[in-house]
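> build me a model:
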Amino acid sequence: MTSKISISFFCKVNPSEDIEKIKTTIFNLFPDVKTKIENDQLSGNFEGIEQLTTVLQLVQHRNIKKTFLRILKSNISDNTTWFYLNKQAAFVNVVALCDEANESALGPIKIIIESNDIEKTIQTIIPN
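So this is what the prediction gives:
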């Protein structure tokens, strides 16, 4: 059975932030995603792990696969897992993982991965 994978992201847009810069940040991470803005939140979703390619390349480049794997595994709940990325770091094409939301001064980007087999999906995202 093939895993059905959907990915969503959310980030707060603070009054001091330029929405276009936040969109640029998102497009740096997920080049083809469609975004929407509701209230003070920018969000979007997509199917399949292909859209995570940029994030995974940046994780590999920074040599933080073990940390990324630990975060994904520790945040499993039912058929989902999630992780935070520092918004300012992502703007300059750097993946900085956050354990807690308050580790990102302007708020993080929260990425939620949902799959009918979340363990297998994590193994696909980060092979041993």
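
> how about the residue nearest the centre of the chain, what does it touch?
Taking Cα atoms, centre = their mean, the centroid of the chain lies closest to Ile111, which sits 3.4 Å from it. Listed by Cβ atoms under 8 Å, 6 or more residues apart in numbering, the contact set of Ile111 reads 7-9, 55, 82-85. For the C-beta atoms, the positions are set from N, CA and C on the backbone; glycine is no exception.

> mind checking pLDDT for it?
Ile111 carries a pLDDT value of 96.

> give me the phi and psi for it.
Note on Ile111: backbone dihedrals following degrees, to the nearest 10 are phi -110, psi 130.

> for stretch 77-90, buried residues please.
The neighbour-count check on stretch 77-90 (16 or more other Cβ atoms under 10 Å) flags 81-90 as buried.

> coming back round to it: distance of the residue nearest to the centre of the chain from Asn86?
Ile111 sits 12 Å away from Asn86, going by Cβ to Cβ, to the nearest Å.

> now for the buried residues of stretch 77-90: which two are most distant?
With distances taken as Cβ to Cβ, the most widely separated pair in the buried residues of stretch 77-90 is Thr81 and Gln88, at 23.6 Å.

> so Phe9 touches Thr25, yeah?
No: Phe9 lies out of contact with Thr25 (Cβ atoms under 8 Å); the separation is 10.5 Å.

> list residues touching both of the two?
Counting by Cβ under 8 Å, 6+ apart, the shared contacts of Phe9 and Thr25 are Ile109.

> for the one helix or strand Thr124 maps to, buried residues please.
For Thr124, the element it lies in under DSSP states H and E is helix 118-125. Using 16+ other Cβ under 10 Å as the test for burial, helix 118-125 gives 118, 121-122, 125.

> between those, which is closest to Ile71?
Nearest to Ile71 among the buried residues of helix 118-125: Ile122, at 10.2 Å, using Cβ to Cβ.
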